[in-house]
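Q: please find the sequence and the predicted model below.
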Amino acid sequence: MLKLEGKLTGPWIDELKKVWHSLAPRGAKTFFIDLRGLTYLSAEGKQVLLEMYSQTGAQFIADSPMTKHFADEARRALETI
């Protein structure tokens, strides 16, 4: 599981890419991304969430309208590709 907190923008984008590549499941494992602590998501951050979702089939954990929106955006973006 990967837990995101605060603002996902700027230098945190590259850091997230490094971390999730090291944590991404291999095989049939389910990958969870906890968005409950996320307060801001830049356009670049949205792109990273989309990549994470498309490459791992990640399950998002969200508990507020905002974090549910972030998860829904990633899912919908993949459907339009």
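A: Looks like it came in fine. Just so we're clear, the structure is a prediction, and the values are computed from it rather than from any experiment.
Q: give me the nearest residue to the residue nearest in space to the middle of the chain, chain neighbours excluded.
A: In the chain, the centroid-proximal residue (CA atoms, centre = their mean) is L49; its distance is 3.4 Å. Sequence neighbours aside, A74 is the residue nearest to L49 in space, at 4.3 Å (criterion: CB to CB, 6 or more residues apart in numbering). Where C-beta positions appear, they are placed from N, C-alpha and C, glycine not excepted.
Q: ok, now which ones touch the one you found?
A: 46, 49-50, 52-53, 60 (CB atoms under 8 Å, 6 or more residues apart in numbering).
Q: how about a cut-off of 10 Å?
A: A74 makes contacts with 33, 35, 41, 46-54, 58, 60, as judged by CB atoms under 10 Å, 6 or more residues apart in numbering.
Q: got phi/psi on it?
A: phi -60, psi -40 (degrees, to the nearest 10).
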